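Engineer: please find the sequence and the predicted model below.
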Amino acid sequence: MSSAPDDPGSPLEELAALVADGVAEVAAVKRLDQLGELGGRLLGKRSRLSSIRAGLRDVSADERAELGAALHEARGRLEQAVEDRRRELARAETADRLARESLDLTEELGRGRIGHAHVITQTWERLEDVFVGMGFTVATGPEVETDWFNFEALNLPPSHPARSLWDTLYLRTDGLEGVDDEQLLLRTHTSPVQVRTMLRAVREGWGPPIHVVCPGRVYRRDTADATHLPVFHQIEMLVVDRHVTMADLAGTIEEFTKAYFGADLTSRLRPSYFPFTEPSAEVDISQPDGSWLEVGGCGMVHPNVLGACGLDPEEWSGFAFGFGIDRLAKIRHGIGDLREFVSNDVRFLEQL
Ligand code: PHE
């Protein structure tokens, strides 16, 4: 089957060479536009393939059948080669374009620095861990609340003077069918989750007894300063059972204090007032220097609150407390100004 370069040999030999050369040429092409050109040259009207086909009429009938079949096969193989190469090149071009057009959106803060959870998130998670370790489960509720859950069910009827203890952000509800203005608000504390949890326990029949903690974000109409943020965080604890007393409350707070701050710190309760607890107290935690820092409020769940949640106050009693998560983080890390938590200065954040 070997033939001199200028002697194409029999038409069948020439076809075989055409295919072999064509396939090699197609494989060598690097760009789609060049492939289009080459495809035209190999398969178009003026291609060698077409002129061999035109010569079919000059050969004998037997040869014509054989050559026709060979032509058909040769065309098929060349078309296939062009098509395969077209796919390869298209895929490579797309990958190339994506690589060229992709943007690196990571902020370069310097070598070896990687991010971590915000100190408030760390504190929130540590508090959950401590309470879960003490046998509590975690409950949550919505940040947009109704007046009923945030105040009324907590023994604060409309116009109760103690409502002024919470500077409330109300939501405009004009246009919202069935909702009056001043009914929707941003919750001012996590205490409405007490109410939601008691109602759910009764409805679903799994409690009391109830032992939950409710961490969450809360809102007050306040100007940010060193000791106040309009958006901050609380963790609420609620126990409802038979015959629980103020001593159980004090014991639970003390156990928590030691678990969270360490064995050498202690807690104390100072008489106070909250409409939803009776008696009520402020919780202070001792500092290494002997001073006391206020971290939240607590008390025995008011009978009216139990009643609003469908629990008989003759049968059940409860205690609750609410701690400021931001304040606990402030104490633990010795931070002077609460606004540091939200100013997002990396120099601050990376220390914690
Ligand atoms: N909800 C109260 C506050 O935000 C704190 C508190 C919780 C007090 C539970 C008593 C019992 O000020």
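Structural biologist: Looks like it came in fine. Residues are numbered from 1 along each chain as shown.

Engineer: residue 224 and residue 230 touch, don't they?
Structural biologist: Yes - here residue 224 lies in contact with residue 230, judged by CB atoms under 8 Å, at a distance of 6.1 Å. Quick note: C-beta positions are derived from backbone N, CA and C, even for glycine.

Engineer: joint contacts of those two?
Structural biologist: Here residue 224 and residue 230 have no joint contacts, going by CB atoms under 8 Å, 6 or more residues apart in numbering.

Engineer: tell me how far residue 92 lies from residue 30.
Structural biologist: Look at residue 92 and residue 30: by CB to CB, to the nearest Å, they are 9 Å apart.

Engineer: what do you get for residue 117?
Structural biologist: Here the criterion is CB to CB. By it, residue 117 lies 50 Å from residue 30.

Engineer: check which helix or strand the closest residue to residue 27 other than its chain neighbours maps to.
Structural biologist: In space, residue 27 comes closest to residue 85 once its chain neighbours are excluded; the distance is 6.6 Å by CB to CB, 6 or more residues apart in numbering. Secondary-structure assignment from DSSP states H and E places residue 85 in helix 61-101.

Engineer: again, but for residue 236
Structural biologist: Using DSSP H and E, residue 236 falls within strand 231-241.

Engineer: keeping just the C-alphas, turn that strand into PDB.
Structural biologist: Output of strand 231-241 as PDB, limited to C-alpha atoms (Å, rounded to 0.1, in the frame of the first residue of the first chain):
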ATOM      1  CA  VAL A 231     -29.800  46.100  69.600                       C
ATOM      2  CA  PHE A 232     -28.400  43.600  72.100                       C
ATOM      3  CA  HIS A 233     -28.700  40.100  73.400                       C
ATOM      4  CA  GLN A 234     -30.200  38.300  76.300                       C
ATOM      5  CA  ILE A 235     -30.500  34.700  77.500                       C
ATOM      6  CA  GLU A 236     -33.600  33.900  79.400                       C
ATOM      7  CA  MET A 237     -33.900  30.900  81.700                       C
ATOM      8  CA  LEU A 238     -37.200  29.400  82.700                       C
ATOM      9  CA  VAL A 239     -38.100  26.500  85.100                       C
ATOM     10  CA  VAL A 240     -41.700  25.500  85.800                       C
ATOM     11  CA  ASP A 241     -42.300  22.600  88.100                       C
END
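
Engineer: packing partners for the helix or strand that comes right after it?
Structural biologist: Toward the C-terminal end, the helix or strand that comes next after strand 231-241 (DSSP H and E) is helix 246-261. Helix 246-261 is packed against helix 119-133, strand 231-241, strand 267-274, strand 277-286, strand 292-301, strand 317-324, helix 325-333, with contacts defined by 3 or more CB pairs under 8 Å, 6 or more residues apart in numbering; DSSP states H and E.

Engineer: next one: the residue sitting furthest away from the middle of the chain, what pLDDT does it get?
Structural biologist: Relative to the centre of the chain, the most outlying C-alpha is that of residue 60, 77.2 Å out, by CA atoms, centre = their mean. Residue 60 carries a pLDDT value of 88.

Engineer: for it, grab phi and psi.
Structural biologist: Torsion angles at residue 60 (phi, psi; degrees, to the nearest 10) stand at phi -70, psi 160.

Engineer: against which helices or strands is the helix or strand hosting residue 14 packed?
Structural biologist: Element membership for residue 14 (DSSP H and E) is helix 11-28. In terms of contact count using 3+ CB pairs under 8 Å, 6+ apart, helix 11-28 is assigned the packing partners helix 32-43, helix 48-54, helix 61-101.
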